[in-house]
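Visitor: Predicted coordinates and the sequence they were generated for:
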Amino acid sequence: DERKLRIDLLPSIERTVQRNGVEIDLVNYYDPILNPFIGAKDPKNPKLTRKFIFKRNPRHIRKIYFYHPELKQY
């Protein structure tokens, strides 16, 4: 799958999801798909906020890819 390969090769960034979405390099990204993950607790340590995997093409920062942990896809 060409799309999956292209995304897999992009640099990964781990971030928590806040009410306003995700901030990467002073740029905020938001989509309603993130709502269930706002302030989510880490399943291994409930005292910590869970970090999620995002990918972004450094040359095209307009869009990011969110790895959905339940669907196991971007």
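Guide: Happy to help now that I have it.
Visitor: excluding its backbone neighbours, what's nearest Lys51?
Guide: Of all residues not flanking Lys51 in the chain, Glu14 sits nearest, at 4.2 Å (Cβ to Cβ, 6 or more residues apart in numbering). In short, each C-beta sits where N, CA and C put it, glycine included.
Visitor: Give the partner strands of the helix or strand containing that neighbour in its sheet and their orientations.
Guide: With secondary structure defined by DSSP states H and E, Glu14 is part of strand 12-15. The sheet places strand 12-15 alongside strand 52-57 (antiparallel), with pairing taken from DSSP bridges.
Visitor: Show me what the helix or strand that comes right after the strand holding Glu14 pairs with in its sheet, parallel or antiparallel.
Guide: Next helix or strand after strand 12-15 toward the C-terminus (DSSP H and E): strand 22-24. Neighbouring strands of strand 22-24 in its sheet, by DSSP bridges, are strand 27-29 (antiparallel).
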